[in-house]
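no sequence for this one, just the structure:
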Ligand SMILES: [Zn+2]
């Protein structure tokens with residue numbers, strides 16, 4: 001499914017399981033909240049771990065072009 005990153009900010013929402021890898025993956029800590037839009041919704045809110053930020057090419061590209069927001073996250 002095609003999705004687009006709207007924003008990535010430091011994790012503050014109430015989600016306790018990694019939205020990318022699922023509760024079973026045991027990702028900890030969650031470090032960022034990601035807002036996506038896709039074909040089904042223009043506001044999908046995720047909470048993700050550092051691994052997702054490192055491994056997801058869309059996230060890496062977004063953070064490269066948003067250095068202020070990137071600086072507000074823990075180093076990854
Ligand atoms: Zn994860």
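Perfect, thanks for sending it. Fair warning: this is a prediction, and the values are worked out from it, not measured in the lab.

Run through the residues that contact residue 52.
18, 20-21, 27, 59 (CB atoms under 8 Å, 6 or more residues apart in numbering). No exception for glycine: its C-beta is placed from N, CA and C like everyone else's.

Among these, which are located in strands?
Applying DSSP state E to these, no entry is found in strands.

what's the farthest-apart pair in these?
Farthest pair in the contacts of residue 52 (CB to CB) is 27 and 59. Separation: 14.2 Å.

Quick one: residues in contact with stretch 22-38.
In contact with stretch 22-38 (CB under 8 Å, 6+ apart) are residues 1-13, 15-21, 43-53, 59, 73-74, 76.

Apply 7 Å and report the result again.
1-13, 15, 17-18, 21, 43-51, 53, 73-74 (CB atoms under 7 Å, 6 or more residues apart in numbering).

what's the helix or strand for the most centrally placed residue in the chain?
Centroid check for the chain by CA atoms, centre = their mean gives residue 34 as the closest residue, at 3.8 Å. According to DSSP states H and E, residue 34 maps onto strand 30-38.

what about residue 17, neighbour count?
Neighbourhood size, residue 17 [other CB atoms under 10 Å]: 16.

Backbone dihedrals for it, please?
Residue 17 adopts backbone torsions of phi -120, psi 140, taken as degrees, to the nearest 10.

How about the contacts made by it?
Per CB under 7 Å, 6+ apart, neighbours of residue 17: residue 23.
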